[in-house]
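Trainee: model this:
(2 chains)
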Amino acid sequence: MLYHSCTVLLDCVQFLFLYFAGDVGELVCEFLEVCIHQLLCVRELYPQEIFERRRYINTPVQWARHPDLREYIHSAVTNLQPWVQQGVVDKVTLLVMNKNRTLEEKFVFSFGLKQLSTAGVPAQHLEFALRGFLLKISVSDSFLSPLPPDCSWELVTYLKSSSLDTINKDQPWVPADDEGWDQNFIMTSMKSMRSSYLDMQLYVEHSVEKPTDE
Amino acid sequence: MEFQFGWTVSLYLLIRSLSRGLPIVKPEWIVDSIAAGRVLSWAPYQLQRIALEHPNQRTLQSAYLNPKLDHCPLPLDWRDNYPTYSNMMDIDLEPRSELLALENVPTSDNQGPSSVQDGAVNFTLLEEDLKGIEVKADECSETENQGVLESHGKKDSVAIVDRSKRNTGAGYSDAAAAATHSTLGDDNFVQNYFKSSRLHFIGTWRNRYQSRYGSFNDNSEGQDQQVFRAKSGSDPAVIHIDMDCFFVAVVVRDRPELHDKPVAVCHSDSVRGSGEISSANYPARAFGVRAGMFVRDAKAKCPDLEIVPYNFEAYEQVADKVYNILHHHCGRVQAVSCDEAFLDVTDQGDPCQIASVIRSQIFEATRCTASAGVSKNKLLARLATRKAKPNGLYYIAPSEVEGFMDELAVEDLPGVGWTLKEKLKSHNLHKCSDLLRVSKDFLQREFGVKTGDMLWSYARGIDTREVQQAQIRKSIGAEVNWGVRFLVPEDAHRFLVTLSTEVATRLQTAAVKGRTITLKVKRRKEGSGEPSKFMGCGVCDNFSRSETVGYATDSQEILLRVAKQLFNSFAFDVRDVRGVGLQVTRLEAVGSGQSLKGGQGQQRALKSWLAPEISKVMLDESAPADRNSGNQTIIHRSTEPLKTEAGESIPVKSPALDVPKLPLNTSAQDNNDLHAVFTAAESGMRNFIAPDTKDRIQVGRSSTKAAPPPTNLPPLSELDPSVLASLPPEILAEIREVYGELAAQPVVSSKPAKNYLSPVAVMKGAHKTKTSEVSNRVDRREDGIRRVLPLEPLTERGESSRPPSVRPEIVALPPASQLDPSVMSALPLSLRRELEQEYKRQQVKKPDKSTLRVSEPEKLCVERCSSTSLEDLWTGTPPKWVHMFKESQDAEFSNLCVLAEHMAGAVRPFSVVMLSVLPHLSNACSATVSQKVIQSCMELIKQYVQQMIACDLEEVCMIMRVLKRVAAKSQLWRVVEDLITPFVQGIVGECYGGHLKI
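Mentor: The predicted structure follows:
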């Protein structure tokens, strides 16, 4: 039984309006979509059979074949795009929960968006850097413990601003409950990227390993 | 539902503070509750109502308390003679015994005011009210205490439970009691736990003893002793003195009616009889009553058994007296416990005579009997004592040893417990004579090398252990296994704060620092419910983890950080945690240790010397007789900048803090006084400086340019000009002499003291509280990190380095020179910003600092490296530190130059650069490491991490990994890693809320 939902967590931090060029936003969203597919595959949230191999920025990636799943991810991410372009997105997270609905892992894409001096084509630059993320994701099972069976996942986005005027009414994203996720977790950094267009980090938060490991 | 109460009921009348907010109820509540068959509300039974109903209650209380005050200094003096009645009145301690004592007050003791008698009667009545009522008191909670008491070998254990507190939980709903009696809801739990605990006495007894007979650092004496032993040809003679059933005897001596009756000591004499007996006297032992028995079992064996409670105050006094006598007779005393000791009386005459004199003196002084065993070594002496008991003396002459040992059963040998005995039995070894038949090889093969060796030699009456003077403590810690309940992780963290504070205090009190920090956690065993014992730990799994830090520490912050880190690493559900202990091992006495800590002991001494004086100043600022104390205070603050390398724990307060406080309450007319104080300070100051000065002039002249060797004088760069400016001219002259020309610049103009003090007057009281807190935080330093005093702008006009007197908000801040950047960086961002802004504002008003630098670039180079420029190391391209390291003439930095060179043109991240020069780094600095280099490296990485933390977690992770690799090979980097890891985890926690996996 898989659970999907689109939720937005409105995080009243501080309003940071950043002008973000359209094509970078587009690229980021596209990239996020690929990453999500890739994560779902690597973390074995779905059977391997539903994925197919594809190529994205010259890197092999796994892409789900199920149309509903594709649609879900695609719509979630593309609807995020206006916010990404406005620079209000702080983090996009993929939560993995076990069957008791307690958090197992949390993949965090955190964005530090920069003011873009030129609306030029950052694609080549960025693509090169983004490839690192995809590769890191594909090997992430090596430093993460296997997930228990029957996990579900959802996407939660943290915005820097809660100003509702930025939210389109016919948006599928809905406000999320703030889940009490205690501070006692371990972070594993997967990849960080700094470029003139944006800083992006991917890290995993997972609960502390069981003491029996020692 | 369990009700807790017992013989301490009378206590509630007296000590409100002990009830700690718990309602004090009348005993009728219990009766009525039983009658009603349910727990009635306690409200109508609250004791305050009694007070209202019987207004005389209060007068009674005060009448009772007053005589106590008159006598209270008594127990502090160990030379005092017999306890007076005030000891019995010492309500804080042993309510029951007082009560009994009062009940049985012999007429001769009746010196107290009659009101006391009234009180006693009154309480007795109260107690009688309760006697008929069957109450399930909870005694199991005290079994731990007994464990402590019984096992003499574990005297260092501090798992101590405060009884009085527990008993105040009487007749109160469990939940509420749990809230008040656990780590929940009581912020001062740990403090109270240890402070008010009398059983703590056992744990701290050795401390007392050591401080009294001052042998913590007395290794030299021990060596003398061995030399002496080697020379002397005469037979060794050892006396073993053991008090006869100490815990009972001390209590019984004041109760003659119990003298020949079977008596046992137990924390409670409840109907249920589930308390454990901790000690029984000989009549009781004859019935088969043994320590560790449940009271009910003991009573089954001996129905007349009288149970008495502990009287720790008396134990303490008796133990002190006993040791006083022992030390009087013999210089080499090994204290085994509070009632047992070895004396080495070789070459002091007939040991039997000495022993009998000691015994009679002990009896005279304490009215308790002691047994003594005399022989040629510790083993035999101890065995002899066993034979001597009770109240006897037994001497095993060297010629009798063989016969004596032959008769001995194996289990009588110290170190042979039940398991070993059974093992020996299985080999058909029952007596020591049997042991003589077998070879040492056999014993070692069967029982292990050590045990085998022990058995072999013990069976022959051989014991090579020396009578040691007080042993050096191996660990200091605190453990709380009672009342530990957490609901959320924050509870646990709050608890760790208090626990680490407690441990830090203990370390500081014992004047030691430790390197290994161990956290022990008791976790509820899976499946076991709430323990039967009230607030106890129940069945637990024990876990412990430890971490070693680079430097011996006694700082609360480091302890806390490590403790938190360790605690989190367990990843327990905090609700299952039942006990937490924090222990510090690998202790070093403050003042010893590596060269890095030179001068530390001196500071410590200075600190302890000054601390009381300073507080005195704070307290009675109105007293005109402050001359002396003021003198010392000022010495203290003027010596502050003269501190040496170590930068270890700071003297009580920074000058920026205590100086403002001085005149704070001083009105203008007191200025004269202050002047007087200052002139007095000068002479003191001169005395203080003089020895160093001479040394320095003769030896140090030639080396003034290089970084000063670790003598008592700090490099010039560490002198705070603002402090210098406030020194009187004479002292300035001396300092100038010491530092030669170099000093000429910064101390060009000296200001009279009054001027320095003046700005403080503007400080407003309300403001003070806030800002002093800020500066407190700023001033607190992490252990082992040298405090960096950046070179202040050396201007011609000295006054610029003083805070201008018109801006109150700045005045309260310590001079920028006194700021430790590492502390700054550890502050929360908002606080740091605030401070930085303040300093910037100050900076603006100061003249440009660059002019002077240009004129003396070379001389200042070293200082610039070490101090000035440790801020903003990562600004510029290439980063500032690259130049700094390269330009540094300091040899110690040369190794780091490789790093700097690689960094210079690199566009690569620092971690990659570091990785590329990894071999160089690990080769470097293998020998002694100076604080300066450590500090620089620390700052380098710290600032880098700070810069990276928000945007590049990967790089932070990388740098830490690289650091780990270098640390494996190089001392310097190991130290840096140790210091930086808690910082990084802290900052990660701040930014992301988690714990970075490195």
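
Trainee: Can you pull out the low-pLDDT segments for chain A?
Mentor: Residues of chain A meeting the criterion pLDDT under 70: A:1-23, A:113-125, A:161-171, A:177-183, A:196-197, A:208-214.

Trainee: From residue B:545, how far off is whichever residue of the stretch 501-650 of chain B sits closest to chain A?
Mentor: Chain A sits closest to residue B:571 of the stretch 501-650 of chain B, with a gap of 3.3 Å, by CB to the nearest CB. Every residue, glycine included, has its C-beta placed from N, CA and C. Noted for residue B:571: a distance of 11 Å to residue B:545, by CB to CB, to the nearest Å.

Trainee: ok, now residue B:308?
Mentor: Here the distance between residue B:308 and residue B:545 works out to 42 Å (CB to CB).

Trainee: Check residue B:502 too.
Mentor: 19 Å.

Trainee: So those two - more neighbours on which side?
Mentor: The neighbour comparison of residue B:502 against residue B:545 (other CB atoms under 10 Å in any protein chain shown) goes to residue B:502, with 22 against 17.

Trainee: so what's the backbone phi/psi at the residue of the stretch 501-650 of chain B closest to chain A?
Mentor: phi 60, psi 40 (degrees, to the nearest 10).

Trainee: quick one: the strands in chain A?
Mentor: Under the criterion DSSP state E, chain A contains strands at A:6-10, A:51-56, A:59-64, A:89-97, A:103-113, A:152-159, A:174-175, A:185-194, A:198-207.

Trainee: Pull the residues that contact the longest one.
Mentor: Read that as strand A:103-113. Residues from elsewhere that reach strand A:103-113 (CB atoms under 8 Å, 6 or more residues apart in numbering or on different chains): A:18, A:20, A:28, A:32, A:35, A:39, A:43, A:84, A:87, A:89-98, A:144, A:147-148, A:151, A:179, A:181, A:185, A:190, A:198-207, B:950-951.

Trainee: What pairs with that strand, parallel or antiparallel?
Mentor: The pairing partners recorded for strand A:103-113 under DSSP bridges are strand A:89-97 (antiparallel), strand A:198-207 (antiparallel).

Trainee: Any buried residues in the shortest one, and which?
Mentor: In other words, strand A:89-97. Across strand A:89-97, burial judged by 16 or more other CB atoms under 10 Å in any protein chain shown covers A:89, A:90, A:91, A:92, A:93, A:94, A:95, A:96, A:97.

Trainee: Also stretch A:129-144?
Mentor: Across stretch A:129-144, burial judged by 16+ other CB under 10 Å covers A:129, A:130, A:132, A:133, A:134, A:136, A:137, A:138, A:140, A:144.

Trainee: So what touches that stretch?
Mentor: So stretch A:129-144 is contacted by A:27, A:31, A:34-35, A:38-39, A:42-43, A:56-61, A:105, A:188, A:190-191, A:193, A:195, A:200, A:202, A:204, A:206 (CB under 8 Å, 6+ apart).

Trainee: per-residue confidence for residue B:943?
Mentor: Per-residue pLDDT puts residue B:943 at 84.

Trainee: Double-check it against residue B:880; I have them as touching.
Mentor: No. Contact criterion CB atoms under 8 Å: residue B:943 and residue B:880 do not qualify, at 9.8 Å.

Trainee: Which of the buried residues of stretch A:129-144 fall in helices?
Mentor: Of the positions in the buried residues of stretch A:129-144, A:129, A:130, A:132, A:133, A:134, A:136, A:137, A:138 sit in helices, assigned by DSSP state H.

Trainee: measure the last one to residue A:52 for me?
Mentor: Plainly put, residue A:138 is 15 Å away from residue A:52 if you go by CB to CB.

Trainee: same check, this time on the third one
Mentor: Look at residue A:132 and residue A:52: by CB to CB, they are 23 Å apart.

Trainee: now do the second one
Mentor: Residue A:130 sits 21 Å away from residue A:52, going by CB to CB.

Trainee: What of the fifth one?
Mentor: With distances defined as CB to CB, the gap from residue A:134 to residue A:52 amounts to 16 Å.

Trainee: picking up where we left off before, quick one: common contacting residues for residue B:571 and residue B:545?
Mentor: Counting by CB under 8 Å, 6+ apart, residue B:571 and residue B:545 have no contacts in common.

Trainee: So residue B:251 belongs to a helix, correct?
Mentor: Yes. Judged by DSSP: H, G, I helix; E, B strand; the rest coil, residue B:251 forms part of a helix.

Trainee: Looking at it now. What's its pLDDT?
Mentor: Residue B:251 is given a pLDDT of 83.

Trainee: How much space separates the residue nearest to it when sequence neighbours are not counted from residue B:280?
Mentor: Nearest non-adjacent residue to residue B:251, counting by CB to CB, 6 or more residues apart in numbering or on different chains: residue B:308, 4.7 Å away. Separation of residue B:308 from residue B:280 (CB to CB): 10 Å.

Trainee: Need the overlap of contacts for those two.
Mentor: Residues touching both residue B:308 and residue B:280 (CB under 8 Å, 6+ apart) are B:248, B:263, B:264, B:265.
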